[in-house]
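Student: Kindly generate the corresponding structure for this input.
(2 chains)
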Number of protein chains: 2
Amino acid sequence: MAITSDLETSRVEELDHLLTVLKPKLLSYIEKADRDSKNYEVNSLGHYYEPQFLKKQFFHPPQATSIVGNDPQDDDKLFEVIDKVLEYSVNTWNPGFLDKLYASNNPIGVVSDIILSMLNTNSHVYTVSPVLSIIENHIGRKYASLFFTNHRKTCGGLTFSGGSWSNITSLQMARSLRFPDTKENGNGSYKFAVYSSKHCHYSVEKAAILLGLGSSNVFKVNILADGSMDANDLEKKIDQSIKDGYTPLYINATAGTTVFGSYDPFEKIADIAQKYKIHFHVDGSWGGNVIFSATHKKKLAGVERADSITVNPHKMLGVPNTCSFLLVPHVSHFQESMSLKAPYLFHGREEEEDENYDLADGTMGCGRRADSFKFYMAWLYFGFEGFASRVDHAFAIARDFVEKISRDKRFELVIGDTENLPQCLQVCFYYRPSSYTHEDNTDITRYISRELHKQGKYLVDFSPNPTSSDNKGEFFRVVFNSPILSDEVVDDLITSIVESGETYKHI
Amino acid sequence: MAITSDLETSRVEELDHLLTVLKPKLLSYIEKADRDSKNYEVNSLGHYYEPQFLKKQFFHPPQATSIVGNDPQDDDKLFEVIDKVLEYSVNTWNPGFLDKLYASNNPIGVVSDIILSMLNTNSHVYTVSPVLSIIENHIGRKYASLFFTNHRKTCGGLTFSGGSWSNITSLQMARSLRFPDTKENGNGSYKFAVYSSKHCHYSVEKAAILLGLGSSNVFKVNILADGSMDANDLEKKIDQSIKDGYTPLYINATAGTTVFGSYDPFEKIADIAQKYKIHFHVDGSWGGNVIFSATHKKKLAGVERADSITVNPHKMLGVPNTCSFLLVPHVSHFQESMSLKAPYLFHGREEEEDENYDLADGTMGCGRRADSFKFYMAWLYFGFEGFASRVDHAFAIARDFVEKISRDKRFELVIGDTENLPQCLQVCFYYRPSSYTHEDNTDITRYISRELHKQGKYLVDFSPNPTSSDNKGEFFRVVFNSPILSDEVVDDLITSIVESGETYKHI
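Tutor: Sure thing, here's the model as predicted:
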């Protein structure tokens, strides 16, 4: 008897049909978020919905079509679910999406994701991923060579599924290269120390926890007034930790901190790392891509001396989520520090090669989606000059916002000399008309942010100061990171904040 | 002066145009891999290309259009590159793709990836990911409740970017829950022991290295004749390690080992884990999805007693790469073991909730792509019954292959009683006509595998035995994991192996 399946029997027709129905939905989803479109809906960003409300929409009653069950759903039901997903999600194509350190996707990004999906390549070994692996090596080296200008021939990079995982991998690389016995024996009696500023991303602490070093062995270095690391304090903390019996392992410096967008003093930190022979990592997940801007790349002076750099094209460059690179001056360090030589997967190659094509062998993982391809396609499509103009434009928008609110007495910038802002693409500020004190900040900030979101108009984030104990409470952190922003959006945002603020009742 | 950008100024038209050009390319890519199509090309799987050859195609001369540079490429050039990527990649839609533990994508998988790409959601916090977060919680619990039949109300799951990262996270969960002081202090003076069979995936060892435990503290438990873990030896090794001053931390059992597809004896292992109070993890990346099959789920007896289970819908269920879940009986364990409560990102919620919606807080990472959505969509589209029939059909195909080669004297199965094969969806065998000895195995296996690939017809993998020192060398490992396979493909594969084998010259 023939052994066949009823599934996937007409793949071409199925995909053809699904794409035909889907395409106009996609286009109109963008269209209503496009300010210049005749179908623009100002509130297309999406309203705020409580989880309980959404769960009801999707999963009640228990026989709702959006609940997975025993039987397949027909296409009509399926598209009802898709419509609902689009309707209730945040429409990041709307210019009001100013909340996080990433922006909307763009047409070439969608195309890249489609190609990746069609290929369904696992970029772990060359046999099944010939093209995407050579592309990852190519683009990894190209990207790394922008930073490691003295190691253009040996540098390279691989992608990991987000900045945290790139940072985690860099800490593993540091430990494995400098203390190779730890691969076999673990941390053992080493008392490793990690140094990072008080304003670094939490992933540094999480990395230290994951690697069995412990969060208390992350020495949090003081910051200066602009939010950047105090290099003098770094050296003090290293000295003290050595006296206390620690083995200094790893310094994390940040290019574009999460809250204030500060850039640490890389030259000074590089000197210190060199003096004490400590792995020097730069977390440039957010701010590393100023490398593309002739104007702003000076913020990165000294980064070329790093032992590893994390940079995420999915943040400042608008490549689809997720796309994060760990870049290193010597690409061979990936395999040197990570490989286990599992013979059932990595068969090796017959001829001598200058590079590794079984990419997973240079990671702590195995299966991989080739996120690097999305960056490659974006670079082809926009060119270096496109990335440069994207970054410069975004800085110009953020600067415009800084100038406008610094002339308006109802606003107050949280840190920094107005002249030197923005440090990166976010602006941190209080909305504080004279009738309010700093004690009101948290309330009023959360109130306005919620109101804007309720209107489906702007999504902006807020945060406490990571270090300050000035009791000034929470403030706005608004991120200007998209070519679709203009000075008109800036004006409208300011008006919207003020209008919402005026409805705030001081309790 | 207005501040605007030249980029992304006509997003709707751009995407419309790109999709219009792309769609027929996608359809014909599938069509030529469809055995039933009039445009079927038997060799559409793709030939084998050396890296040097491919690098030449893409990156030489230095001004090739597929090299990223300063200027943007126009659409024609872009599509030339896309054509080249498709042409030289492995076409996994071809029924000859039998190499790895995953198969081709399918139409609903492509659609899911497109929706994810359009939304560009970062599923780390609820504010920006309302819908995809409630869907992940919903599908995570639904999935987990298939396994944790006694914890249907509390169980749940989150996705990680591949089975390795799910396994790594489970080890962190084990350490953090049982020895909470390690979060702050690191491994310190603990001498943690991890236990896993000699046939487990390398990620267990990598996890131990990453967590600072060290590979030498992974105790490799002996296996039985069928490749499954010898539970008696496990207990012996635990006893001995305790005598040697170790703190037993974590047992990894495997549901579907990488090479032989063996299932460890979960009931016995659960008893041992319970007796010694050790975290019991099941790596079911590959074989866990037999849970959907009424016939084959018995292989998982005892798994409901696990403390954590890794299962990858991107393997046996045909969900696009990557989609890996870590499932746990108590979903709160994610936050309990991973959270750092970073106030600048996780703002908490006002009302009391029964579940967490800021999903990244329950992981060691931050930014996330909502891979769970692809599984959700696949489940809606195929239904539980579709998954069941997919799994059953694949087992039937693998069984057909086992029966046919066990009747053919030129083939020899590597392990197991023919009656009980296949254990999972792969079959391991030698092609060994009487004129060859076992010393020829590696050569002949690699030769045939290369020949089939050169013809663009079949991609099959090979491996040494992970433990044996019988000098029998490498053998074929062929994976039957797709609804498009039929008994006809099985017959043709056997013929193709024999034909290639006959051209092998014994040196």
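Student: all contacts plus neighbour counts: C-alpha atoms, from now on.
Tutor: Fine.
Student: Per-residue pLDDT of the closest residue to A:Tyr263 other than its chain neighbours, please?
Tutor: In this structure, A:Tyr263 finds its nearest non-sequential neighbour in A:Ala255, 4.5 Å apart by CA to CA, 6 or more residues apart in numbering or on different chains. We have a pLDDT of 98 for A:Ala255.
Student: Grab the longest helix from chain A for me.
Tutor: helix A:372-406 (DSSP state H).
Student: Now that one: buried residues?
Tutor: Of the residues in helix A:372-406, A:372-402, A:405 count as buried by neighbour count, 16 or more other CA atoms under 10 Å in any protein chain shown.
Student: filter the residues you listed by proximity to chain B?
Tutor: A:376, A:379-386, A:389-390, A:393, A:396-397 (CA under 8 Å from any CA of the partner chain).
Student: can you give me the strands in the stretch 401-507 of chain A?
Tutor: Here the stretch 401-507 of chain A has its strands, by DSSP state E, counting those that start in this stretch, at A:411-413, A:426-431, A:459-463, A:475-479.
Student: Tell me which of those lies nearest to chain B.
Tutor: strand A:459-463 (4.7 Å; CA to the nearest CA).
Student: re earlier: can you list the helices and strands that the longest helix of chain A packs against?
Tutor: helix A:107-119, helix A:130-147, strand A:411-413, strand A:426-431, helix A:487-502 (3 or more CA pairs under 8 Å, 6 or more residues apart in numbering or on different chains; DSSP states H and E).
Student: now the angle from the fourth one to strand A:475-479?
Tutor: In terms of direction (axes from the mean of the first three to the mean of the last three CA atoms, to 10 degrees), strand A:426-431 departs from strand A:475-479 by 150 degrees.
Student: okay, the angle between strand A:426-431 and helix A:487-502?
Tutor: 30 degrees.
Student: before we move on, back to that, specify the stretch among the helices and strands packed on helix A:372-406 that is closest to B:Glu235.
Tutor: Nearest to B:Glu235 among the helices and strands packed on helix A:372-406 is helix A:130-147 (42.6 Å), distances taken as CA to CA.
Student: In CSV, list the C-alpha atoms belonging to whichever helix or strand A:Leu19 is part of.
Tutor: When secondary structure is defined by DSSP states H and E, A:Leu19 falls within helix A:11-31. The C-alpha trace of helix A:11-31 is given here as CSV (Å, rounded to 0.1, in the frame of the first residue of the first chain):
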residue,chain,number,x,y,z
ARG,A,11,2.2,23.6,-1.6
VAL,A,12,2.4,25.9,-4.6
GLU,A,13,-1.3,26.5,-4.8
GLU,A,14,-1.6,26.9,-1.0
LEU,A,15,1.2,29.5,-0.8
ASP,A,16,-0.1,31.3,-3.9
HIS,A,17,-3.5,31.6,-2.3
LEU,A,18,-2.3,32.6,1.1
LEU,A,19,0.0,35.3,-0.3
THR,A,20,-2.8,36.6,-2.6
VAL,A,21,-5.1,37.1,0.4
LEU,A,22,-2.3,38.4,2.6
LYS,A,23,-0.7,41.0,0.4
PRO,A,24,-3.4,43.6,0.4
LYS,A,25,-3.7,43.3,4.2
LEU,A,26,0.0,43.9,4.5
LEU,A,27,-0.1,46.9,2.3
SER,A,28,-3.0,48.5,4.0
TYR,A,29,-1.4,47.9,7.4
ILE,A,30,1.5,50.0,6.3
GLU,A,31,-0.7,52.5,4.4
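Student: Under the pLDDT cut-off, which ranges of the stretch 251-400 of chain A? List them.
Tutor: A:342, A:344-345, A:348-353 (pLDDT under 70).
Student: Residue numbers of it in contact with chain B?
Tutor: Checking the stretch 251-400 of chain A against chain B by CA under 8 Å from any CA, the hits are A:259, A:320-322, A:340, A:342-345, A:357, A:364-369, A:376, A:379-386, A:389-390, A:393, A:396-397.
Student: can you give me the helices in the stretch 51-200 of chain A?
Tutor: With DSSP state H, counting those that start in this stretch, the ranges of helices along the stretch 51-200 of chain A come out as A:51-59, A:75-88, A:107-119, A:130-147, A:163-178, A:181-185.
Student: would you list those helices in JSON lines and tack on mean neighbour count, distance to A:Ser37 and mean pLDDT?
Tutor: Putting the helices of the stretch 51-200 of chain A into JSON lines (neighbours: other CA atoms under 10 Å in any protein chain shown; distance: least, CA to CA, whole Å; pLDDT from 0 to 100) gives the following:
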{"stretch": "helix A:51-59", "mean neighbour count": "15", "distance to A:Ser37": "29", "mean pLDDT": "96"}
{"stretch": "helix A:75-88", "mean neighbour count": "16", "distance to A:Ser37": "19", "mean pLDDT": "97"}
{"stretch": "helix A:107-119", "mean neighbour count": "23", "distance to A:Ser37": "16", "mean pLDDT": "98"}
{"stretch": "helix A:130-147", "mean neighbour count": "24", "distance to A:Ser37": "35", "mean pLDDT": "98"}
{"stretch": "helix A:163-178", "mean neighbour count": "25", "distance to A:Ser37": "35", "mean pLDDT": "98"}
{"stretch": "helix A:181-185", "mean neighbour count": "20", "distance to A:Ser37": "57", "mean pLDDT": "97"}
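Student: Which residue would you name as the spatial centre of chain A?
Tutor: A:Lys315 (4.7 Å; CA atoms, centre = their mean).
Student: Surely that residue touches A:Gly288?
Tutor: No: A:Lys315 is not in contact with A:Gly288 according to CA atoms under 8 Å; the separation is 9.7 Å.
Student: longest strand in chain A, by residue count?
Tutor: strand A:247-254 (DSSP state E).
Student: what's it packed up against?
Tutor: helix A:163-178, strand A:192-197, helix A:231-243, helix A:266-276, strand A:279-284.
Student: Can you give the strand pairings for it, parallel or anti for each?
Tutor: Each strand paired with strand A:247-254, and its direction, by DSSP bridges: strand A:192-197 (parallel), strand A:279-284 (parallel).
Student: Ranking the ones you listed by mean neighbour count, which comes first?
Tutor: Among the strands paired with strand A:247-254, ranked by average contacts under mean count of other CA atoms under 10 Å in any protein chain shown, first place goes to strand A:279-284 (a mean of 28).
Student: Around A:Lys298, count how many other residues there are.
Tutor: Neighbour count of A:Lys298, defined by other CA atoms under 10 Å in any protein chain shown: 11.
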